[in-house]
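A.B. asks: Next input, structure requested:
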Amino acid sequence: MTYHTLARRPVPWLCDGRGPQEIAISSRIRLARNLDAYPFPGRASPKARQEVLGIVQEVATRLDSMRPAVCGDMAEMGEVDRSLLLERRLVSKELCGRGAGSGFVYRADESVSVMINEEDHIRVQVLLPHLQLGEAWRVAVVLDRALGALVRFAFEPRLGFLTACPTNVGTGLRASVMLHLPALVLSGQIQAMAQAARKLRFGVRGMLGEGTEAVANLFQISNQSTLGESEDQILRRLDVMIDRFVAEEQNARLRLARLERVRLCDHVARAHAVLRESYILSSKEALNSLSAVRFGVEMGMLSRLTQATVNRLSLAVLPGHLQVERGSPLDVPDRDVARAELVRAELRAAEA
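C.D. replies: Sure, this is the predicted structure:
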């Protein structure tokens, strides 16, 4: 099966915003669950993994909250399809590395997905635009309860939900918000903020989660603890931390605009020039430059560009989306040339 039609539509979690909503890109709730009748995926036989995949896909596609549903088996997916789903955040980096016995189900609007036989049997994910942790949690609870009514989860009364990794035992909840923090990075404050967050048991990671680099000034802030706190306590603590990051980013933007205007203008103008004039453009350079241009748009410095244009390009430059647009797999040097060509054409058309 091919998922190439996905590449030609926007992702629902990347939308225009103003004020705090332009800083808070998306909110995600992820719940880790396991079936009590089967070993964890890392210890299960191929037969058992295949059985779990079949059970969860069959159950998930029956739920009203997942309709219309799209199913996939990792064993049947090529590299470009895997990249495409990862870039759209429908699957995790770890699931992309799996083969037979692993798969997924996602709702056609891409806001809800269920990953199967990643680290755990089930990873329920709800992904919404901007700062909507409360709504994402509400949707996740509905789906979790519906699944739990049809399959028996591994649960221990004293500990809570049992998971393959001890750090997820308890609630199995990982809540996160992806923030765009160019001013904190440019002013050199991001490391201190990240360190303070980690001391309070929050993770600060790149845009694709654990083990990924913070590219394009995008950072995921998430809870680290899942044991000893209720879900409501975790979400309340995370809300407070997100408010702090957003406030510090807003203050840093004001300081740059008032006290370091020339430096800010140079930063945005250089990135804009790279995107408009380059003939070879790597993914990382494109994303970092688009981050600076997004910053310029939000600060009112690039009147002929919109957030919508930047959002569209932020997806289009990624390897999976780029190769779908070109209609065939490309090696890295050819992708860098094609990416530069695409960006030049899009920006010149938008600014004509």
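
A.B. asks: For the stretch 201-350 of the chain, which segments count as helices?
C.D. replies: With helices called from DSSP state H, counting those that start in this stretch, the stretch 201-350 of the chain shows them at 231-259, 261-277, 283-298, 307-316, 319-326, 332-350.

A.B. asks: JSON lines for those helices, including mean pLDDT and distance to L31?
C.D. replies: For every residue, glycine as well, the C-beta is placed using N, CA and C. Converted to JSON lines, the helices of the stretch 201-350 of the chain look like this (pLDDT from 0 to 100; distance: least, C-beta to C-beta, whole Å):
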{"stretch": "helix 231-259", "mean pLDDT": "97", "distance to L31": "9"}
{"stretch": "helix 261-277", "mean pLDDT": "97", "distance to L31": "38"}
{"stretch": "helix 283-298", "mean pLDDT": "97", "distance to L31": "29"}
{"stretch": "helix 307-316", "mean pLDDT": "95", "distance to L31": "26"}
{"stretch": "helix 319-326", "mean pLDDT": "94", "distance to L31": "26"}
{"stretch": "helix 332-350", "mean pLDDT": "97", "distance to L31": "35"}
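
A.B. asks: Columns mean neighbour count and distance to I221 on top of those, output as CSV?
C.D. replies: Converted to CSV, the helices of the stretch 201-350 of the chain look like this (neighbours: other C-beta atoms under 10 Å; distance: least, C-beta to C-beta, whole Å):
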stretch, mean neighbour count, distance to I221
helix 231-259, 17, 6
helix 261-277, 16, 24
helix 283-298, 21, 17
helix 307-316, 19, 19
helix 319-326, 20, 26
helix 332-350, 16, 29
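
A.B. asks: could you dump these to CSV with distance to A146?
C.D. replies: Formatted as CSV, the helices of the stretch 201-350 of the chain follow (distance: least, C-beta to C-beta, whole Å):
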stretch, distance to A146
helix 231-259, 17
helix 261-277, 45
helix 283-298, 37
helix 307-316, 31
helix 319-326, 31
helix 332-350, 41
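
A.B. asks: packing partners for the helix or strand K47 falls within?
C.D. replies: Under DSSP states H and E, the secondary-structure element containing K47 is helix 46-62. Judged by 3 or more C-beta pairs under 8 Å, 6 or more residues apart in numbering; DSSP states H and E, the packing partners of helix 46-62 are strand 69-73, strand 103-107, strand 112-116.

A.B. asks: quick one: the first one to strand 112-116, angle?
C.D. replies: In other words, strand 69-73. Interaxial angle, strand 69-73 versus strand 112-116 (axes from the mean of the first three to the mean of the last three C-alpha atoms, to 10 degrees): 20 degrees.

A.B. asks: For strand 69-73, what is the distance to the chain centroid?
C.D. replies: 19 Å (C-alpha atoms, centre = their mean, to the nearest Å).

A.B. asks: Return the residues in contact with V169.
C.D. replies: V169 makes contact with 159-163, 226-227, according to C-beta atoms under 8 Å, 6 or more residues apart in numbering.

A.B. asks: so for the helix holding K47, what's the average pLDDT?
C.D. replies: Per-region confidence: helix 46-62 scores 97 on mean pLDDT.

A.B. asks: Pull the residues that contact that helix.
C.D. replies: For helix 46-62, the surrounding residues in contact (C-beta under 8 Å, 6+ apart) are 35, 38-39, 41, 44, 66-67, 69, 71, 73, 100-103, 105, 114, 116-117, 121-122, 147, 150-151.

A.B. asks: Check stretch 196-208 too.
C.D. replies: Identification of contacts with stretch 196-208 by C-beta under 8 Å, 6+ apart yields 86, 89, 92-93, 176, 178, 194, 210-216, 218-225, 237-238, 241, 245.

A.B. asks: Is it possible to mark the buried ones in these?
C.D. replies: The neighbour count (16 or more other C-beta atoms under 10 Å) marks 86, 89, 92, 176, 178, 194, 214-216, 218-223, 237-238, 241, 245 as buried among these.

A.B. asks: Over to A175. Which of the three states is it?
C.D. replies: The three-state label given to A175 by DSSP: H, G, I helix; E, B strand; the rest coil is strand.

A.B. asks: which residues touch it?
C.D. replies: Taking C-beta under 8 Å, 6+ apart, one finds 27-30, 133, 136-137, 222-223, 234-235, 238 in contact with A175.

A.B. asks: one more time with 10 Å
C.D. replies: 27-31, 126, 133, 136-137, 140, 221-223, 226, 231, 234-235, 237-239, 242 (C-beta atoms under 10 Å, 6 or more residues apart in numbering).

A.B. asks: cool, and L95?
C.D. replies: 74, 82, 85-86, 102-104, 113, 115-119, 123 are the contacts of L95 under C-beta under 10 Å, 6+ apart.

A.B. asks: Tell me how far the helix holding K47 lies from the chain's centre.
C.D. replies: Per C-alpha atoms, centre = their mean, the centroid offset for helix 46-62 relative to its chain is 25 Å.

A.B. asks: And the contacts of V169, which of them are buried?
C.D. replies: Judged by 16+ other C-beta under 10 Å, buried ones among the contacts of V169: 160-163, 226.
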